[in-house]
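# need coordinates for the following:
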Amino acid sequence: MQTDLPLFLRGLSINWERIPQGSYLRGIPALSGPGPLSFCSPVTFFVGENGSGKSTLLEAIAVAWGFNPEGGTRNYSFSTYDSHSELFSALRLLRGARRPRNGYFLRAESFYNVATREEEYSRGPGGVPLHLHERSHGESFLLLARENFAGGGFYLLDEPEAALSPQRQLTLLIEIHRCAAAGAQFIVATHSPILLGLPGADIQSFDGGPVHPIRYEETDSYRVTSLFMSDRERLLRKLLEEEP
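Have a look, this model is predicted:
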C-alpha cells in the first residue's frame, strides 16, 4: 500500500466549548484527550470495546464531511431515525490540499435503509439499480462497496465485517488495499482481526483512555482470536466452568 499522494483528512480536534456540559460525550474517555488526532496512513482503523466511542467519532467525521448520517454518498439525503450525536458540530477537520473525487459512508446498522434508498435513487435518469434487496446481506454489502470504492475517494466504514464471512472480509481487505494504493483514504471502525491485518495500516485504540496508536498484535481482536484458535478447548473449559 504505497502512495505519495496527500491525505484528504490529515487530522481533527474537538472544540469542547460546543458540547453541552451534560452531554454523554464528555463521559467517553477516548474522546477526552487534550491533543488533536492525526492521520498518517491511507488506511486508519479505529478499534476498541463496544461503547468506547469509535463509531461515535467515525459518524461525527462523516456528518462533518457532508455525508448523510445513515450512510451513502454525499448525494444521499434521507432520514429514518435521527440518532447521531452533536459531536459533528464540534469537530475541527484538518483537510488536505487534495479533494476526493468521490466518497461513501458505509455503516452496518443502517445498511438496509441505504439499500432501499439506493433502489429509489437509481430509478432516476441514467440510474443503474443494483437490486441490493434481492441479494444476501453480505453479497449486497460487498457489491455496494465494489461499485462505489475507487482510487481517489474518501471512505468511512463502520463495522463492515458485520455482514461478511471471513472469506468475504479478505475480499474487502483486497479492495481496500487496491483503492488505497490508487490514492483513496479509508477510516474504518472494526473488530475484525482480518481487516486489521492490512499491511501499512494505522491502528488507533479507543480503549484505556484517550485515543492512541496500537500495534496489530496488541489489539484485543487479535489477542482474543489468537488465544481462542491456539487453545480453544482449554479456554472454553475455563470460561464455561466459571458460568453460574
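# residue contacts, Tyr216?
Residues near Tyr216 by CB atoms under 8 Å, 6 or more residues apart in numbering: 196-197, 203, 222. (C-beta placed from N, C-alpha, C; glycine too.)
# by neighbours, which of the residues you listed wins?
Ile203 (23 neighbours; other CB atoms under 10 Å).
# who does His212 bridge with?
Taking DSSP bridges, one obtains Ser205 as the residues bridged to His212.
# so how far is Gln167 from it?
32 Å (CB to CB, to the nearest Å).
# of those two, who's got more company?
More crowded of His212 and Gln167, by other CB under 10 Å: His212, with 14 against 9.
# per-residue confidence at the more buried one?
pLDDT recorded at His212 is 95.
# what does Leu172 give?
pLDDT, Leu172: 93.
# flag the shaky bits of the chain, pLDDT-wise.
Along the chain, segments meeting pLDDT under 70 span 1-3, 34, 74-85, 108-138, 243-244.
# again, 50 this time
78-81, 112, 121, 124 (pLDDT under 50).
# what sits against the closest residue in space to His191 that isn't next to it in sequence?
Counting by CB to CB, 6 or more residues apart in numbering, Ser221 is the residue found nearest to His191 once chain neighbours are left out, at 5.3 Å. Neighbouring residues of Ser221 by CB under 8 Å, 6+ apart: 47, 190-193, 196.
# distance check, Ser221 against Ile203.
As judged by CB to CB, Ser221 and Ile203 stand 10 Å apart.
# so what's in contact with these two at the same time?
Common neighbours of Ser221 and Ile203 (CB under 8 Å, 6+ apart) are 47, 196.
# quick one: the contacts of Tyr216 as TSV, columns for distance to Phe88 and secondary structure too.
Below are these laid out as TSV (distance: CB to CB, whole Å; DSSP: H, G, I helix; E, B strand; the rest coil):
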residue	distance to Phe88	secondary structure
Leu196	26	helix
Gly197	30	helix
Ile203	23	strand
Tyr222	31	helix
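# return the member of those nearest to Ala30.
Lowest distance from Ala30 to the contacts of Tyr216 (CB to CB) belongs to Ile203, with 13.6 Å.
# ok, now which ones touch that closest one?
44-45, 47, 196, 213-216, 219.
# same thing but 10 Å
Taking CB atoms under 10 Å, 6 or more residues apart in numbering, we find Ile203 in contact with 41, 43-47, 188, 190, 196, 212-216, 218-219, 221-222.
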